[in-house]
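>>> structure here, sequence nowhere to be found:
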């Protein structure tokens, strides 16, 4: 009896540690890539930060595939938030934080993951995934495209954006939402209508962002808006 209990406990630990170990291995690889990029692309720290930004967002797909529990994701988000706060005070992650401006984006990113996981992960992980990936790919591509090809700027208050960057945000958000809803709900006019609505709102929120607050407003609003739209529109 004792051997059976011991074996069951070991199996439970293995089921917990293997997925978590895979995620940590992926994140460790991402940090190494960021460090290498920061050494070879010294004149463009923003590119390094956005590569990490996109790559770290993709971990939510890995978590979904491995069926990692919401408790583990929330715990990881808390740890990431603590690291972000520490790095803001002491530059322990210079390749991620040193972009020439003050921003709480990394902290807000972690908070968004925790909030969305707490609200949706157990029963509807697609909404957590949509919120995080819109922020990862949308904001990431907006910054990269806007910085390199943004020839047509516009101003929102004291914020300067480019139409090229905002269109990249819109396209990425639409693609992410459409792809995930297509996988979960199947192909329908509702899927693409919801994707367009979510993408437009996410792009507007990103345009009004300061100090990295879009890392909080965009993913949380996108996840909740998508959930609301799916409840309102029938997929029958």
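In hand now; what should we look at? Note that the structure is a prediction, hence the values are computed from the model and not measured. Numbers count the residues shown, from 1 in each chain.

>>> what's the following helix or strand after the helix or strand of the chain with the lowest mean pLDDT?
Taking mean pLDDT, DSSP states H and E as the measure, the chain has helix 94-97 as its least confident helix or strand, at a mean of 52. As assigned by DSSP states H and E, the chain's next helix or strand after helix 94-97 is helix 105-116.

>>> now do the SS call for residue 85.
What DSSP: H, G, I helix; E, B strand; the rest coil gives for residue 85 is helix.

>>> is it correct that it is in contact with residue 107?
Yes. Applying C-beta atoms under 8 Å, one finds residue 85 in contact with residue 107, separated by 6.1 Å. Using the backbone N, CA and C atoms, a C-beta is placed for each residue, glycine as well.

>>> more crowded one of those two?
When neighbours are counted by other C-beta atoms under 10 Å, residue 85 and residue 107 differ, and residue 107 comes out ahead with 20 against 14.

>>> quick check: closest non-adjacent residue to that one.
Of all residues not flanking residue 107 in the chain, residue 84 sits nearest, at 4.1 Å (C-beta to C-beta, 6 or more residues apart in numbering).

>>> now do the contacts for that neighbour.
Taking C-beta atoms under 8 Å, 6 or more residues apart in numbering, we find residue 84 in contact with 104, 106-107, 109-110.

>>> per-residue pLDDT, it?
pLDDT recorded at residue 84 is 75.

>>> cool, residue 10 as well?
Reading off the model, residue 10 has pLDDT 54.

>>> repeat for residue 17
Per the predicted model, pLDDT is 63 at residue 17.

>>> just residue 20 next, same as before
Residue 20 is given a pLDDT of 68.

>>> what does the helix or strand encompassing residue 224 rub up against?
Per DSSP H and E, residue 224 falls inside helix 214-232. Residues outside helix 214-232 that contact it (C-beta under 8 Å, 6+ apart) are 104-106, 108-109, 111-113, 115-116, 119-120, 124, 127-128, 130-132, 134-135, 138-139, 173, 177, 181, 185, 190, 193-194, 197-198, 201-202, 205-206, 208-209.

>>> narrow those residues to those in strands?
Assignment to strands by DSSP state E places none of those there.

>>> what about residue 208, neighbour count?
For residue 208, using other C-beta under 10 Å, the count is 13.

>>> not counting sequence-adjacent ones, nearest residue to it?
residue 156 (5.8 Å).

>>> one more: residue 117?
residue 73 (4.2 Å).

>>> pretty sure the one you found sits against residue 112.
No. Assessed by C-beta under 8 Å, residue 73 is found out of contact with residue 112, at 11.6 Å.

>>> just want to know which of these two has more residues nearby.
The neighbour count for residue 73 versus residue 112, taken as other C-beta under 10 Å, is higher for residue 112 (26 against 23).

>>> what's the local residue count around the nearest residue to the more buried one once chain neighbours are set aside?
Spatial nearest neighbour of residue 112, excluding adjacent residues (C-beta to C-beta, 6+ apart): residue 219 at 4.2 Å. By the measure other C-beta under 10 Å, the count of residues near residue 219 is 31.

>>> please apply the same query to residue 145.
Neighbours of residue 145 using other C-beta under 10 Å come to 19.

>>> and what about it, helix, strand or coil?
Criterion first, three-state DSSP; result for residue 145: helix.

>>> residue 169 versus that one, what's the distance?
Distance, residue 145 to residue 169, by C-beta to C-beta, to the nearest Å: 9 Å.

>>> again with residue 232
24 Å.

>>> so where's the protein shaky on pLDDT?
By pLDDT under 70, the low-scoring segments of the chain are 1-20, 38, 41-47, 91-103, 234-236.

>>> and if we set it to 90?
For the chain, the stretches flagged by pLDDT under 90 are 1-59, 62-63, 65-110, 139-140, 142-162, 207-215, 233-236.
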